[in-house]
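Peer 1: Coordinates for the following, if possible.
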Amino acid sequence: MASGQLDLFIAKLPVNTVVLTLNCFDSASELLAIPRNATITLKRGTIKQAIQLQFLEGRECFADFMEMNFSLARRFQLTALRRYTLTYNPSDQSLTVKPSPLSETTSILMTSTLGAGTLSVGYELLSRLGIPERQGTIIKVRQGRNIARFRLHIPANLSDDRIRLPSLWLQKWKLNANHQHQLQFDQRNFTLSLTASASSNSR
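Peer 2: I've put the predicted structure just below:
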């Protein structure tokens, strides 16, 4: 068995073709163990279909992703820009797809100068958390019992891996800027939970 988390993108592909772009993370993907040029059965619950699996390498990315035709995604009730877990079973050459809405990582929390209602998330961090790349999206930020709604801002620098909150909220929630924080994003309700790491010495 081999598994991995991937984001879904809709592409102009043959109806039975799925393309995987792997190794966007630091470690090699387990899904590279899937044999090349083999017919694989894609499964979700009782839905099954034979597919041709292709692999692409050397593409710039910060999170592994898969591409498929709109009709195939609709048949398997999959949503673009959402994160899924693929699990390969070599005994029957099947690839099972399940929603994987929770993603976690760490990042340096910094002060934003964009206004009290704006949350800035660097593109690299955005990719690691599985936050869809849509400027202006409403994101709920949760810190302990505190929760507030912000409009998402994505800086132009693709290598940006920082998160920035307005100083008003840093002070209100007693968070330390320029310190490492644990982040968890839930795609089901677009909630970003933020916790100070032990080394942050949050008050």
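Peer 1: Who are the contact partners of the most centrally placed residue in the chain?
Peer 2: Nearest to the mean C-alpha position of the chain, by C-alpha atoms, centre = their mean, lies G130 at 1.8 Å. Each residue near G130 by C-beta atoms under 8 Å, 6 or more residues apart in numbering is listed here: 7, 63, 82-83, 101, 103, 185, 187. C-betas here are computed from N, CA, C, even on glycine.
Peer 1: Let me see the backbone angles for it.
Peer 2: phi 80, psi 30 (degrees, to the nearest 10).
Peer 1: any idea how far it lies from P99?
Peer 2: For G130, the distance to P99 equals 11 Å [C-beta to C-beta, to the nearest Å].
Peer 1: Tell me the residues that contact both of the two, please.
Peer 2: What both G130 and P99 touch, as defined by C-beta under 8 Å, 6+ apart, is the set 82-83.
Peer 1: any idea how far the residue nearest to the centre of the chain is from D92?
Peer 2: From G130 to D92 the distance is 29 Å (C-beta to C-beta).
Peer 1: So A73 is in contact with A80, correct?
Peer 2: Yes. Here A73 reaches A80: they are 6.9 Å apart, a contact under C-beta atoms under 8 Å.
Peer 1: Hmm, A50 and L72 touching each other?
Peer 2: No. Contact criterion C-beta under 8 Å: L72 and A50 do not qualify, at 11.3 Å.
Peer 1: ok, these two, which is more surrounded?
Peer 2: Taking other C-beta atoms under 10 Å, L72 and A50 do not tie; L72 has more neighbours (19 against 10).
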